[in-house]
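Peer 1: here's a sequence, model it:
(one chain, ligands or ions: 1)
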Amino acid sequence: MSKPTIDEAADLSLKVVSLSHPDSFASSMAGDSSKHEQLSAPVRIIAAMHFLPFTISVAEETPAEPYEWKVAGRRGHTAMYAGVRSLNELANADCIQVGWIGNYTDLKGEEHPCDKLSAASRDNICKALSKHNAVPVFVDESTAHGHYEGYSKHTLWPLLHYMSWDDARPMNPTWWDSYTKANKLFAETIDSIYQDGDIVWIHDYHLLLLPELFRAARPASTIGLFLHSPFPSSELFRSLPRRKEILYGMLGATRIGFQTYSYARHFLSSCTRVLGLETTPTGIDNKGSMVTIGVFPIGIDARHVQERRALPAVEAKMKNLREMFANKRIIIGRDRLDEVAGIKQKLEAFEKFLGMYPEWQNNVVLIQVTQPGQTQDPKFEAKISELVTNINSTYGSLEFMPVMYHHTFLDTDEYMALLNIADLCLITVIRDGMNTGSLEFVVCQQDKHSPLLLSEFTGTAGSVSGAVQINPWDYEGVAQAIDTALRMGPDEKKERYVQMYQHVMRHDAQHWAATVVQDLRATALVGQSSAETPALDLPLFARCFTESKRRMIMLDYDGTLTPITNIPAQALPPPEMLEALRALCADPRNFVCIISGRDRAFLELHLGDVKGLALSGEHGSFIRYPDGDWINLLDEMDMSWKDEVLSIFTFYTERTAGATIEAKETSITWHYRNADPEYGEFQAKECMNHLEDAVVSKLPVEILVGKKCLEVRPMSVNKGEIVKRLMGARPEQWEFVVCAGDDKTDEDMFRALRTMKQTIVGGGNSSQSRAPADAATSVGTSADWSLTSMRLPPYYFTVTVGPADKKSAAAWHVRSSHDVVDALARLVDAESSAP
Ligand SMILES: O=P(O)(O)OC[C@H]1O[C@H](O[C@H]2O[C@H](CO)[C@@H](O)[C@H](O)[C@H]2O)[C@H](O)[C@@H](O)[C@@H]1O
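Peer 2: From the prediction side, this is the model:
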C-alpha cells in the first residue's frame with residue numbers, strides 16, 4: 001500500500017471514526033479535509049526536539065567497546081512523538097528526527113552519559129539511530145544537566161506555567177551558558193545534515209535559541225518553531241532576566257506555532273513590550289522581517305489509544321476494577337505531581353463536594369494517580385499526602401477510602417481500564433499547554449459517554465466544547481459541577497460526548513503534524529516567490545565609485561546614518577560618520593546631500609559645519625546647497641493647518657504618557673516611542689483616524705507613518721522631489737548615484753531613482769535598454785534592478801537599511817546604520833588607494 005499524502009492524513013482519522021462507530025460521525029467532518037493543499041513536491045523535514053523518542057542500551061553481543069546498540073522507544077511526549085513519527089508514513093515527506101539521546105544503559109542496567117564513549121561507539125549510535133531516521137546531538141553531561149534540569153526545567157518551565165522562582169525553584173545563572181551551548185550544539189548538528197529546501201521544525205521551550213542560531217547559519221531556511229507549553233502574559237514574561245535573548249531566539253523562526261491563540265497573543269504582546277517591535281494579530285515585524293504566528297492545537301495518537309483500550313488485558317483489568325468498586329461511582333484523575341497540575345485544588349474541591357452533598361459519601365471514589373513532576377518539591381508532595389489523609393479520615397471508614405491516591409507510573413493496561421470504566425474525569429490543572437490526558441479519556445469512553453470536567457486553564461478547553469468547563473480555584477463551583485455531572489442524563493452525556501469524540505478523532509497527532517508541515521511548506525513557497533533584496537556588494541560598490549567621475553550621494557539621516565534612539569535630540573552623528581562625510585565632500589567629483597525629516601535647525605547644528613555638504617530638511621521642504629542659504633520650497637504654502645494638527649497631537653499627548661510633539665516649521669511629528677508600546681500603537685491609530693477625518697480629508701497635507709511616530713506635512717513635497725531636483729535636468733550626467741534610507745519616506749527617493757534610471761538606460765522602456773544584458777532584465781524586482789545597475793554606468797545604488805526580506809523599492813540592503821557608515825568609509829578608502 002502506498003503512503004498517504006500529508007493531506008490524506010487528516011482523512012485517516014475519519015476512517016477510524018467510521019470503523020469504530022456504527023453511528024458514524026464521518027459525514028459531518030468530511031468537509032474540513034478538502035481545504036488542505038496537496039503536497040505535490042517531496043519535502044524533507046528536520047524535526048528538532050530535546051529528547052529523541054528513543055533510548056539506547058548496549059547490545060549483549062558487545063560487552064566491551066566499541067559497543068553495538070539496541071534502540072527502544074522512550075516514554076513520555078507521546079503526542080509529539082506520534083505526530084512527528086507519522087510524517088514518515090506520508091507520501092512526499094521524509095522526516096529526520098534530531099535530538100539528544102540522553103544516557104545509555106549498560107549490560108548491568110546502569111545508566112551512563114555518552115561523554116566517555118569511544119568515537120567508534122558513538123559512530124555506532126549514529127548508525128543504529130539512522131535506521132530510525134534519527135540523528136543524535138551529543139551534549140556533554142554537565143551541559144546537558146544545566147540545559148535540561150537547570151535552565152529548561154527550573155527557569156523556563158515555571159515561568160511559562162505562571163510560577164515564580166523561589167527557594168523551591170531557584171535560578172542558577174550558570175544554567176544560561178549550558179542552555180546556550182546546548183542550543184548551539186543542536187544548530188551545528190542540524191547544519192551538518194541540512195540541505196537546501198529542507199523544513200526545520202523545532203519543538204518546545206528547550207530550544208528557544210535554536211531558530212536564531214540556525215537562521216544565522218542558513219539565512220534562507222524555512223524554520224518552524226512550535227511551543228508545546230503555554231506562553232505567559234507579558235507582565236510575567238518580562239521578569240525573565242534573559243527575556244530579550246529568548247524572544248530574539250524565537251524570532252529567528254519563519255513561523256511560530258502555539259497551542260492556543262491566547263498563548264500567541266501573550267507572545268505578541270511580549271515582543272511589543274520587551275523588544276519594542278510592531279505586531280499585528282498574525283505576526284511580528286522583526287526589524288523588517290515578518291515572523292508569522294499560527295495556532296495548531298496538538299492532538300493525541302487516537303488510533304493507538306483506540307487499539308490499546310480494546311486489548312483483552314485491559315478487559316481483564318476492567319473486570320477487577322468493577323468488582324473492587326462495585327456500586328461506586330468512579331472519578332478518575334491522572335496528573336504530574338506539580339503545583340500547576342492542580343491536584344491540591346482537586347482534593348480541596350472533592351472534599352467540598354463530599355461535605356456539600358452528603359448523599360454521595362461512600363458512593364463516590366476519586367482515583368488519583370500521580371507521576372513525578374517536572375520540578376520535585378518535597379514540601380508540596382507532603383501537603384498532597386496530608387490532604388488525602390484528611391479527606392479519608394473525615395469521610396472514609398475501615399471498609400472504604402473516598403480517595404485512592406497512587407503516586408506511581410501506572411501500567412498502561414491499568415490506566416486504559418480506569419479510563420474505560422470511569423464515571424467522570426476531573427481535570428483541575430492550573431496551567432497546561434494542552435492536556436492530552438483529557439483527550440485519552442474521551443477516546444476510552446465510547447461505551448459510557450461519561451462527562452469530562454475540564455479546567456478552563458488548559459489549552460484543550462478551547463477545542464472540546466462538549467466538556468464541562470471549570471475554574472479549579474472555585475472549589476464550590478467544582479463541587480457543584482461534580483454533582484451535576486454525576487447526575488447527568490444519558491441524552492446530554494451523549495450529546496456532549498459526540499462533540500468531544502469527533503474533535504479528538506479528527507484532530508489527532510497525525511493531523512496536527514501534517515497540518516503544521518503543510519503550513520510551513522506554504523510559508524516557504526510564499527517566501528520563495530517574494531524576491532529578496534540582495535546585500536550591498538561592497539567590492540562592486542567601491543569599484544563602480546572609483547570608475548566614475550561624477551557622483552551623487554544622497555543619504556537619509558535617522559536610522560540610516562545614525563542609530564535610532566529613544567529621544568530624538570540624542571540621535572547625534574557618530575564621529576566616524578562625520579569623518580566619512582568630510583572626506584567625501586572634500587572631493588569635487590562628489591555631490592553629497594543629507595535628505596532628512598529633521599528641521600533645518602537640527603541639521604545645521606549637527607551637520608552644518610561639514611564643508612561642501614548639501615542639506616535638505618523636513619522631507620523636502622527646505623534645501624541648502626553647499627555654501628548657499630536655506631531655500632524654503634514651501635514659501636507660498638498656507639500653514640494654517642498646523643494649528644489644528646497641533647491641537648489634535650496635544651489631545652493625544654495629554655492622554656498618552658511618554659508621548660511628545662516635535663513641532664517643526666512645515667511639519668509636525670507626534671512621537672510615541674517612549675509610551676507604553678501597545679497603548680502607544682493603539683493611540684497612534686486613533687490619532688491617525690482623527691487626523692484623517694479632521695484635517696487630511698480637507699487640506700493638502702498628508703500623514704507619514706514613521707518609526708514610532710506620525711508626521712503631518714504638506715502633500716506637495718517629499719524626498720523623491722528633492723532627489724529629482726538634485727539630479728537636475730540632465731540626470732545622465734551622474735555616473736554613480738547612491739541613495740540610502742531606512743524609512744517609508746525614503747522609498748519616495750528609491751522610486752524616483754528607479755524611474756530615472758529606467759528612462760536613462762531604456763528610454764522609458766526597459767526592453768530598449770542600451771546594454772544587451774540589461775534588456776534581459778526588467779526593473780520589476782530589487783534583485784533584477786541591482787543587476788542592471790552594475791554593468792555599465794550610470795551605476796545606481798539604492799540601499800535600504802533593514803533585512804533582505806524588507807519590502808522596499810531599493811536594489812540593495814544593509815543591516816544597520818553602522819553598515820551604511822562602513823560602506824561610505826569603504827568608498828573613501830577605495831578612492832585613496834585608487835591608482
Ligand atoms: O528622514 P529622517 O532623517 O530619517 O528623519 C525622520 C524622523 O526622524 C526622527 O525620528 C525618528 O528618530 C528618532 C531618533 O532616533 C526616534 O526617537 C524616533 O522615534 C524616530 O521616529 C525625528 O525626530 C523626526 O523629526 C524625523 O522626521
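Peer 1: from here on, just use CA atoms for contacts and neighbour counts.
Peer 2: Noted.
Peer 1: how about the residues of the stretch 701-835 of the chain by the ligand?
Peer 2: 706-709 (Cα under 6 Å from any ligand atom).
Peer 1: same check on the stretch 501-650 of the chain?
Peer 2: 556-559, 564-568, 571, 596-598.
Peer 1: among those residues, name the ones in helices.
Peer 2: Among these, no member falls in helices (DSSP state H).
Peer 1: can you lay out those residues as CSV showing pLDDT?
Peer 2: What follows is these, written out as CSV (pLDDT from 0 to 100):
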residue, pLDDT
Asp556, 98
Tyr557, 98
Asp558, 97
Gly559, 96
Ile564, 94
Thr565, 94
Asn566, 92
Ile567, 93
Pro568, 95
Ala571, 96
Ser596, 97
Gly597, 96
Arg598, 96
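Peer 1: which PyMOL command selects the buried ones in the residues you listed?
Peer 2: This is how PyMOL selects the buried members of these, with burial counted by 16 or more other Cα atoms under 10 Å:
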select buried, resi 556+557+558+559+564+571+596+597+598
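Peer 1: ok, of the residues of the stretch 701-835 of the chain next to the ligand, which one's closest to Asn689?
Peer 2: Cys709 (14.4 Å; Cα to Cα).
Peer 1: just give the number of residues close to the residue lying closest to the closest one once chain neighbours are set aside.
Peer 2: In space, and not counting its chain neighbours, Cys709 is closest to His671: 4.3 Å by Cα to Cα, 6 or more residues apart in numbering. His671 has 25 neighbours, counted by other Cα atoms under 10 Å.
Peer 1: show me the contacts for His671.
Peer 2: Counting by Cα atoms under 8 Å, 6 or more residues apart in numbering, His671 touches 659-662, 708-710.
Peer 1: relative to Arg673, how far out is the residue in the stretch 201-350 of the chain that the ligand sits nearest to?
Peer 2: For the stretch 201-350 of the chain and the ligand, the shortest gap (Cα to the nearest ligand atom) falls at Gly276, measuring 11.0 Å. In this view, Gly276 and Arg673 are 8 Å apart by Cα to Cα, to the nearest Å.
Peer 1: how about the helices in the stretch 101-250 of the chain?
Peer 2: Ranges of helices in the stretch 101-250 of the chain, per DSSP state H, counting those that start in this stretch, are 119-130, 141-145, 157-160, 174-193, 210-217, 234-237, 243-250.
Peer 1: reformat these as a markdown table; add distance to Glu89, mean pLDDT and mean neighbour count.
Peer 2: Supplementary listing: those in a markdown table, determined by distance: least, Cα to Cα, whole Å; pLDDT from 0 to 100; neighbours: other Cα atoms under 10 Å:
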| stretch | distance to Glu89 | mean pLDDT | mean neighbour count |
| --- | --- | --- | --- |
| helix 119-130 | 16 | 97 | 17 |
| helix 141-145 | 31 | 95 | 17 |
| helix 157-160 | 32 | 93 | 20 |
| helix 174-193 | 21 | 97 | 19 |
| helix 210-217 | 26 | 97 | 21 |
| helix 234-237 | 38 | 92 | 17 |
| helix 243-250 | 29 | 97 | 18 |
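Peer 1: let's have the ones you listed in JSON lines, adding distance to Trp641.
Peer 2: Below are the helices of the stretch 101-250 of the chain laid out as JSON lines (distance: least, Cα to Cα, whole Å):
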{"stretch": "helix 119-130", "distance to Trp641": "71"}
{"stretch": "helix 141-145", "distance to Trp641": "64"}
{"stretch": "helix 157-160", "distance to Trp641": "50"}
{"stretch": "helix 174-193", "distance to Trp641": "55"}
{"stretch": "helix 210-217", "distance to Trp641": "47"}
{"stretch": "helix 234-237", "distance to Trp641": "40"}
{"stretch": "helix 243-250", "distance to Trp641": "42"}
